[in-house]
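Asker: Could you look at this predicted model? Sequence included:
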Amino acid sequence: MERRLNGEACAFCCYGCCIAFQVKSGRHEEWEAAWLLIQLGVGGFLSMNIMMFSLLLYSDAFTGVDAGVLPWIHLLLWIFATPAVVILGGPYLREMWLNGIRGRVTSSALIVIGVAAAYLYSAFAVFEGSTHVYFDTAVMVLMLFTVGRYLEAVGRARAARDLEPLLAAESESATVVDGATEIRRPVREVSAGMLVRVRPGERIPVDGVVVEGESNTDEAVITGESRQVTKGAGSKVIAGSINIDGPLLIQSSGDGTATRWARICRSVREALGRRSPTQRLADRVVGVSVPLVVALSGLTIVYWAQSLPFDRALLIGLSVLVVACPCAVGLAAPMATSLGIGRLARHGCLVRDPGVLETLARVRLLAFDKTGTLTASKARLVGVDCQEGGIDEVLARAAGLERLSEHGLARAIAAAAAQRGITPLVTRDVRTVPGRGIRGSAEGQPVAAGNGRLMNDLGWPLPPSLTERARSLEASGHSVVYVGWGEQVHAVLSLDDSPLPEAQAAIAALRERGLDATLLTGDLAQAAERIAALVGIKDVRAGLSPEAKRLALDRLRHDHGSMAMVGDGLNDGPVLAAADVGIAVGSATDLARETAALVLPADGLWMLPWIVDVARAVRRTILTNLMWAFGYNLVALTFAAFGVLQPILAAAVMAGSSILVVVNSLRLEQLPDPVPALIPEQRSGTKAERTHNGAGLSAIAGPAVERS
């Protein structure tokens, strides 16, 4: 159902969720909240009175009373039942109508048909003077369903606890400092350069730099690490982190809508709005089962009417309608999926597609990229071999190209030039050649940096001395980059990288979970095999272009079934999109993040085994919920069709079924938090060491590495 709350269109799966959302979240006007409480209160009051009189009738308390009194009691029940049916049943009728005009049949139709049949039959019986009226059935079915759905909604509210900060982020505001005044503005209106005041306990609304103040911050929702980070003047802060114990004045470094936090919020909201394959299957089952249940109820009434009074046959038919309501089926997958997304979001993992959790649970093979995924995102430049020109000229031309690239090797070259104090040449018409390198023009000459295939494509001959040197470097496990300009190759750069300290432990943990790993990389075989041996991967496929990676992925999928791809670079975008599950690490390029279904936080490779555990737990919960819901419905439907269940008891049974699905799903909250492969202090020290060695300029500072 859809409602407008404070001018904003909101969609709900049912009336109970709508009530829970408004009452618990405060997203309503004062009069509207009062009206909701009046609805529930009046409905409950009328239901209790109807049941009281009905129980007296069933217990023969009015035996011996003048027969003329009973019609008046029935009329009183009708008077009580009418507003109760309107108040409690109106939302179900509206929901059925809105879905009906869209060509959809939902469980609301079963409730409306059953209640309407009981109410109209009883109203007709009052006119006819019959002694059999079932106003209590009509009202109590509505009351039990409404209470049951409200309890479901409360469970969903608990499930959404981890997502609440994300879903509320778009409406958050920031305290903008303008001279001597402070103004509260929506985060979306904050632009680069504005000063923002963040008080202790508040969420930092924008990316920026601390101008004034000192405090500890909690960046767990972004980085996945549950530890405090001290921030002072000059420190960079991340939107979405929590300011713990001191006021901060922050200068925004960008628009409030362009932060990683804002992207996470939008992506999670979009993911929750999508339907996973299991959810779509459940929706189709519900769409087919509702008309079948209506037909079965009609046949049940016809069958029993041959041997029982019509009112008794009608009650059996109503029981079939009520007990077959597929509420639990529709709740089975969304509840577990929302909990899974929430658990991952709490630790900084971004799920872009709700179906990824179910797919990841079936994966038996993970393919990894090398640079920036299994290795440090900042490699070290360890040597420059020149054919012509000096080292400064080579680095100036190479850095002019590479500073415009996000590849890990490119960043290492640009950082080495910067540390040496070399100004990159202004380079135009820069173009990345996937699987080859990068090219452009500087000082009126073409310039390129990449592998030998790029130079061959450009028709630039490789000097034998550089080729021999490159082979020697590759044999020792180094990555090499040729640099050329003026249609000639002038130098070869050698770079070295080391595996992430947590990579080996992560691969071992994945293997313990029955998952195999393979390495797909564009680097040469020697460098790839060296890293693979260090992290414990036996299957290596090196020297692959993006298209070759995709073809290799297809072959692996044919041999192993569903598989996931983990990468971070520009070259990984197509293969991440082609994989059953594309996983991008937190330092990934924008293209990799956009094409991946799951994005890990920075340095989040160690979380991958835990993510697999969460995905498998979510899938088990969904399957358990579905088996329970279908089995429960089938057994209860059988009892109802044989006349064992009364409609009121049938409504209680179905409410109980939905609540059991909720309780089973909430068991996902008991999953353990991720345990890092290294303790935070070790990880921090390792990260600092990688950053220190990132440029690696000491290895090329002396003239001994320059060969002409």
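Answerer: Structure received.

Asker: alpha carbons only for contacts and neighbour counts from here, please
Answerer: Noted.

Asker: Show me the helices in the stretch 51-200 of the chain, by range?
Answerer: Along the stretch 51-200 of the chain, counting by DSSP state H, counting those that start in this stretch, helices occupy 69-101, 107-128, 135-159, 164-168.

Asker: As CSV, the ones you listed with mean neighbour count, distance to residue 463 and mean pLDDT would be great.
Answerer: Formatted as CSV, these follow (neighbours: other Cα atoms under 10 Å; distance: least, Cα to Cα, whole Å; pLDDT from 0 to 100):
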stretch, mean neighbour count, distance to residue 463, mean pLDDT
helix 69-101, 18, 72, 82
helix 107-128, 20, 75, 80
helix 135-159, 23, 64, 68
helix 164-168, 17, 56, 56
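
Asker: right, and the ones you listed - which one's nearest residue 46?
Answerer: Each of these was scored for nearness to residue 46 using Cα to Cα, and the closest is helix 69-101 (5.8 Å).

Asker: quick revisit: any chance of the helices of the stretch 51-200 of the chain in JSON lines, with distance to residue 655 too?
Answerer: As requested, the helices of the stretch 51-200 of the chain are exported to JSON lines (distance: least, Cα to Cα, whole Å):
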{"stretch": "helix 69-101", "distance to residue 655": "15"}
{"stretch": "helix 107-128", "distance to residue 655": "12"}
{"stretch": "helix 135-159", "distance to residue 655": "5"}
{"stretch": "helix 164-168", "distance to residue 655": "26"}
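
Asker: Which of these sits closest to residue 178?
Answerer: Taking Cα to Cα, helix 164-168 is the member of the helices of the stretch 51-200 of the chain nearest to residue 178, at 25.5 Å.

Asker: any idea which helix or strand carries the nearest residue to residue 622 once chain neighbours are set aside?
Answerer: The spatial neighbour of residue 622 that comes closest, neighbours along the chain excluded (Cα to Cα, 6 or more residues apart in numbering), is residue 333 at 5.2 Å. If you go by DSSP states H and E, residue 333 is part of helix 327-346.

Asker: still on that earlier bit, number of residues surrounding the residue nearest to residue 622?
Answerer: When counting by other Cα atoms under 10 Å, one arrives at 29 neighbours for residue 333.

Asker: My guess is it contacts residue 627. True?
Answerer: No. Using Cα atoms under 8 Å, residue 333 is not in contact with residue 627; the gap is 11.4 Å.

Asker: Can you check the pLDDT for residue 395?
Answerer: Per-residue confidence (pLDDT) for residue 395: 90.

Asker: if I pick it, what's in contact with it?
Answerer: The contact partners of residue 395, by Cα atoms under 8 Å, 6 or more residues apart in numbering, come to 413, 417, 422, 424.

Asker: Over to residue 473?
Answerer: So residue 473 contacts 479, 480, 494 (Cα under 8 Å, 6+ apart).

Asker: How about the secondary structure of it?
Answerer: Here residue 473 takes the helix state, with states given by DSSP: H, G, I helix; E, B strand; the rest coil.

Asker: does residue 239 really touch residue 206, like I thought?
Answerer: Yes. Shown here, residue 239 and residue 206 form a contact pair, counting by Cα under 8 Å, at 4.4 Å.

Asker: and for the two, which residues touch both?
Answerer: Joint contacts of residue 239 and residue 206 (Cα under 8 Å, 6+ apart) are residue 259.

Asker: Those two - which one has more neighbours?
Answerer: Of the pair residue 239 and residue 206, residue 206 is the one with more neighbours under other Cα under 10 Å, namely 32 against 20.

Asker: can you tell me the helix or strand for the more buried one?
Answerer: If you go by DSSP H and E, residue 206 is not part of any helix or strand.

Asker: Okay, domains of the protein per the record?
Answerer: Here the domain parsing of the chain from automatic domain parsing is 1-159, 169-262, 350-374+499-600, 380-496.

Asker: I'd like those domains as CSV, with distance to residue 619 appended.
Answerer: As requested, these are exported to CSV (distance: least, Cα to Cα, whole Å):
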stretch, distance to residue 619
domain 1-159, 16
domain 169-262, 23
domain 350-374+499-600, 5
domain 380-496, 35
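
Asker: Verify the contact between residue 616 and residue 358 for me.
Answerer: Yes. Under the criterion of Cα under 8 Å, residue 616 makes contact with residue 358 at 7.3 Å.

Asker: residues in contact with the longest strand anywhere in the chain?
Answerer: As assigned by DSSP state E, the longest strand anywhere in the chain is strand 488-496. If you take Cα under 8 Å, 6+ apart as the criterion, strand 488-496 is touched by 379-389, 394, 409, 455, 460-463, 466, 470, 473, 477-484.
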